[in-house]
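*Asks:* predicted coordinates and the sequence they were generated for:
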Amino acid sequence: GAVVSQHPSRVICKSGTSVKIECRSLDFQATTMFWYRQFPKQSLMLMATSNEGSKATYEQGVEKDKFLINHASLTLSTLTVTSAHPEDSSFYICSATTGGSGNTIYFGEGSWLTVV
Amino acid sequence: TQLLEQSPQFLSIQEGENLTVYCNSSSVFSSLQWYRQEPGEGPVLLVTVVTGGEVKKLKRLTFQFGDARKDSSLHITAAQPGDTGLYLCAPGGSNYKLTFGKGTLLTVNP
């Protein structure tokens, strides 16, 4: 079946540095990818919708200059957390869809970011 | 964006008990999806309900879509520790962003 892969699964970075998380659709073309953030014991919060070849659409309250999203191909979207701070530490999850009326969504395994 | 309310937010029960969790909205949906997420993993799709009044069963899990397609429920019979997780609902359909309810965090104690 369809698989969405995230990398890295865990990353630790120092405050002030930037870190990139990749989301790949392995056996299908993802016209749209979504990025979520999740704190412990809480639901997934949608950060942005990423469409291939166009600028991402950010949800209200999400800083687009801090969370840079690039969707340069139909199989890859990246989330870059710039100038990371400890409060950016979280679980980041991507999902991808083939689009269309069926709108099947496939989720990545998630990436744990710890900023120290 | 369609707002979904899930209840209860937290639920802790003993193995063997039955439970029901709810997903409610004032909006009408073409379909609703239920997911389960275990700690440190991505959500896994359990079911999509499409028709008003529809009931779908997945082993001990019974999903119902309200007649008006505004709400849904998930009933688990004889819960097991393996059912522990975060249960999320989200609207389906290609016209919706996949925004989840706050979820129900279920703990089934042995």
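*Replies:* Thanks, I have the structure now.

*Asks:* alpha carbons only for contacts and neighbour counts from here, please
*Replies:* Noted.

*Asks:* report the central residue of chain B.
*Replies:* B:W34 (4.3 Å; CA atoms, centre = their mean).

*Asks:* correction: chain A
*Replies:* Most central in chain A (CA atoms, centre = their mean) works out to A:W35, at 3.6 Å.

*Asks:* mind listing residues that contact the helix or strand hosting it?
*Replies:* In this structure, A:W35 is located in strand A:32-38 according to DSSP states H and E. Outside strand A:32-38, the residues that touch it by CA atoms under 8 Å, 6 or more residues apart in numbering or on different chains are A:44-52, A:77, A:79, A:90-99.

*Asks:* where in the chain is pLDDT low?
*Replies:* No chain was given, so I picked chain A. A:1-2, A:99-103 (pLDDT under 70).

*Asks:* meant chain B actually
*Replies:* B:1-2, B:93-97.

*Asks:* isn't the residue nearest to the centre of chain B right up against B:G92?
*Replies:* No - between B:W34 and B:G92 there is no contact under CA atoms under 8 Å: 9.6 Å.

*Asks:* got any residues that touch both of these two?
*Replies:* When CA under 8 Å, 6+ apart defines a contact, the residues bordering B:W34 and B:G92 alike are B:T48.

*Asks:* the one helix or strand A:S5 maps to pairs with which strands, parallel or anti?
*Replies:* Secondary structure assigned from DSSP H and E places A:S5 in strand A:4-7. Each strand that pairs with strand A:4-7, with its direction, by DSSP bridges: strand A:19-25 (antiparallel).

*Asks:* can you pull the buried residues of the partner strand?
*Replies:* A:V19, A:I21, A:E22, A:C23, A:R24, A:S25 (16 or more other CA atoms under 10 Å in any protein chain shown).

*Asks:* now do A:L44: how many residues are near it, please.
*Replies:* 23 (other CA atoms under 10 Å in any protein chain shown).

*Asks:* and the strands in chain B?
*Replies:* B:5-7, B:10-14, B:19-24, B:32-37, B:44-49, B:55-58, B:61-65, B:71-76, B:85-91, B:104-109 (DSSP state E).

*Asks:* please identify the most buried of these.
*Replies:* Sort the strands of chain B by mean neighbour count, taking mean count of other CA atoms under 10 Å in any protein chain shown, and strand B:85-91 sits at the top with a mean of 26.
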